[in-house]
Structures are given as structure tokens and as C-alpha cells.
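Trainee: quick one, structure for this:
(one chain, ligands or ions: 1)
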Amino acid sequence: MRHLLSSADLDRDDVEALLDLTDSFVEVSNRAIPKVPALRGRTVATMFFEDSTRTRLSFETAAKRLSADTMSFSASSSSVNKGESLRDTALTLEAMGVDAVVVRHRSSGAPHRVASWVDVRVVNGGDGWHDHPTQGLLDAYTLRGRLGPLDGRRVAIVGDVKHSRVARADVAILTTLGAEVTLVAPPTLLPPSIEGWPATAVHDLDAVLPEVDAVVLLRMQRERMTEALVPSLREYTARWGLTVDRARRLRDDVVFMHPGPMNRGVEIAPEVADDPRAVIVDQVRNGVAVRMAVLFRLLAGEGPEPVADVVSDGADDRSVAADLSEQPVGAGDGGAT
Ligand code: CP
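Mentor: Numbers count the residues shown, from 1 in each chain. Reported below is the predicted structural model:
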């Protein structure tokens, strides 16, 4: 794996390998010192042209837990404000010696363009409406943790599908793992290209909910809306929100998800967001371990032997999990943080 640009680039074996690797990094994250020297000497830059809390901080935390150095670029406080282009910005970070960049941009395809300009690993941290592959991976990991294998599991993705890169990533990755996805939205919030998606699209949330194993609520992306696409937020909530009344009618084992940031009281009731069936905090927690797995896979080699070399400091005949469990960062390891 040279880059992680699109969810569609991952086949079932790729996704399952990354989720299995994530198990190892969850174990690392649960240690008293949640750190391994796997990426010592490497530098990971976050290159964000759009706001973020979860994605940016979790990539930076993931890199630090792998002992990589980190650089944090935010367009809002950079020379982009003086007119510097995306290409020149990427070339500038490359010249400083970064090994990987995580790119978030309002334009679909921006991470692909960066990958064509620089000789460093590129991860898509969310591009326009197009994709958010690590969100798809962390959602799949979180769901698999609650439901087991996703083959035949029914997932409803509800809300502003039209503007949602999370919806596109989740559809790609969850269906790759065998889940059956139903998109539920008002007609104005479904994309025109929905026919090509491996999912069904409906408008009636109450007809779908009794059938599902999981519900993914999407944020109403008001910053991307150029016209009034719903009559009012009150009506949207009444017809497509996961209200207390709707949640009360769902089984005890149905999983509620939201990628964040939430509009509490719009797509999800405040009480429902804090319901025991909601895994929204787990999604954030798992996001760090998933991103450790992605950075590790991109920067520490592709096959088991190179990976073992990198994480084990010479013990090349053991599994990745075994190496990680025995390699906390401690005195004498020279870890760069
Ligand atoms: N889910 C997600 O991408 O959140 P941020 O915008 O806070 O990164």
C-alpha cells in the first residue's frame, strides 16, 4: 500500500488486514505507556485545509504513539493566506523531509493531486464530498467489534448523504465486508448518482428502522448547502432524526453511530447520543488505533517480514502482534516524539 486515497482502492483482504492490525494497536493504546518505536525517525505531517477535531488529532496521536515526529499544517494560519498554492505547499512539506502527509481539503481529489506531485505517502483525511477512507475503516472496526462479522448485517445511513464523504466511505467499506446498506434521506439530500452505489435508497426512516442492526446518523452539513434543501430543521428532525421516541422502539442490540461533529437535537437527540447503544465515543477511540494501523502499513513496510523488522528491532521471526506487545518505548530506545 503506497497511499490511502480512496476507500474503493481497498478490497476485502486489505480492509480485513487493516482491521486485524488495528486490534494490535488497540492493545498498545490500552497500555500504561501507549507507545511503540515502530516509526522512529519518520515524520508525519497533517496538511489540513478544512477544520477538523477528530481526524487531525487522532492522526497526530497515532503518529506519536508510533514514535514518529509530527508536523501540523493548518491552511488558516499558513502562507496559503498569502496565495501559496496546494502544490507549492506540498512541495514545501516534502522539502522539510516528511515521510507521509494526511490531506484534508474541500476539493474532491486534492489528496490524489498531492500524491502526483510529491514522493511521500499520502493519506486522504477527507476530500470534499468524495471520500474519508479512515472514517470508513474506523466505522467498520467499531461495528465489527459490536456485531462480529458484517456479512448480511443491515446498516442504515441516515441524513445528508448528498454532501457526505462519510456516507461514501461507509458504503464502500461496509459493503466490501458484506453488509447491506440502506441510505435514508429526503430526496433533496440524496446525490443524483445514487444508481451506481451498492446500496438501496429510501425516504421513509420509520419503515427501515425495525429491520436494521445499526444506524449511522450523518451530520447536516449546512456549510456545504447553497440552497434550502429541507423545509426546516424542525421538520427534518421529525422525519429523519433519531429521536428519543424512535430509539425507544429499537432493539437493545441496535448500534447507533455518528462520525461527529454532532448537531445534537437535529440528526440525533441529545439523550440518544448518550444512550448505551451509541458507540460514538468508541468510534473516536478506535479512530486512533485505525490510523496507527494505516500509518504503520504505509511507512513500516508491506509484508510481514519488513513489518516485523521495523517493530521488533531485529526479532524478525515473530508476529506483528507479538512484537508490539513486547516493544513499549522505554529508556534506551531513542524514540523520537
Ligand atoms: N469525523 C470527522 O471527520 O470529524 P472531524 O471533522 O472533527 O475530523
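
Trainee: C-alpha only now, for contacts and for neighbours.
Mentor: Noted.

Trainee: how close does the residue nearest the centre of the chain sit to residue 294?
Mentor: Closest residue to the average C-alpha location of the chain: residue 135 at 1.7 Å, with C-alpha atoms, centre = their mean. Counting by C-alpha to C-alpha, to the nearest Å, the gap from residue 135 to residue 294 is 12 Å.

Trainee: need the helices for the stretch 51-200 of the chain, in chain order.
Mentor: Per DSSP state H, counting those that start in this stretch, the stretch 51-200 of the chain carries helices over the ranges 54-65, 86-95, 110-117, 133-147, 165-176.

Trainee: helices and strands around the shortest one, which ones?
Mentor: The one in question is helix 110-117. Applying 3 or more C-alpha pairs under 8 Å, 6 or more residues apart in numbering; DSSP states H and E, we find helix 110-117 packed against helix 86-95, strand 100-105, strand 121-127.

Trainee: how about the longest one: buried residues?
Mentor: Within helix 86-95, the residues that qualify as buried are 86, 89-90, 93-94, counting by 16 or more other C-alpha atoms under 10 Å.

Trainee: with pLDDT added, can I get those in CSV?
Mentor: Formatted as CSV, the buried residues of helix 86-95 follow (pLDDT from 0 to 100):
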residue, pLDDT
86, 97
89, 98
90, 98
93, 98
94, 98
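
Trainee: if we check the ligand, which of the residues you listed are in contact?
Mentor: When C-alpha under 6 Å from any ligand atom is applied, no member of the buried residues of helix 86-95 is adjacent to the ligand.

Trainee: helices and strands of this protein: which one bottoms out on pLDDT?
Mentor: Every helix and strand of the chain was ranked by mean pLDDT, DSSP states H and E. The lowest is helix 320-325, at a mean of 39.

Trainee: against residue 167, how distant is residue 127?
Mentor: 13 Å.

Trainee: for whichever residue of the stretch 101-250 of the chain sits closest to the ligand, give me its contacts.
Mentor: When scored by C-alpha to the nearest ligand atom, the stretch 101-250 of the chain has residue 135 as its residue closest to the ligand, at 6.4 Å. Going by C-alpha atoms under 8 Å, 6 or more residues apart in numbering, residue 135 touches 166, 169-170, 259, 287.

Trainee: can you list the buried residues in stretch 33-41?
Mentor: Neighbour-count burial for stretch 33-41 flags 34-40 (criterion: 16+ other C-alpha under 10 Å).

Trainee: ditto for stretch 253-269
Mentor: 254-260, 262, 265-269.

Trainee: just these: which are in strands?
Mentor: Using DSSP state E, the members of those that fall within strands are 255-257.

Trainee: ok, so of the residues you listed, who is nearest residue 119?
Mentor: Of all these, residue 119 sits closest to residue 257, with 36.2 Å by C-alpha to C-alpha.

Trainee: so what pairs up with the closest one in the strands?
Mentor: For residue 257, the beta-bridge partners are residue 216 (DSSP bridges).

Trainee: for residue 89, see how far away it is.
Mentor: Separation of residue 257 from residue 89 (C-alpha to C-alpha): 35 Å.
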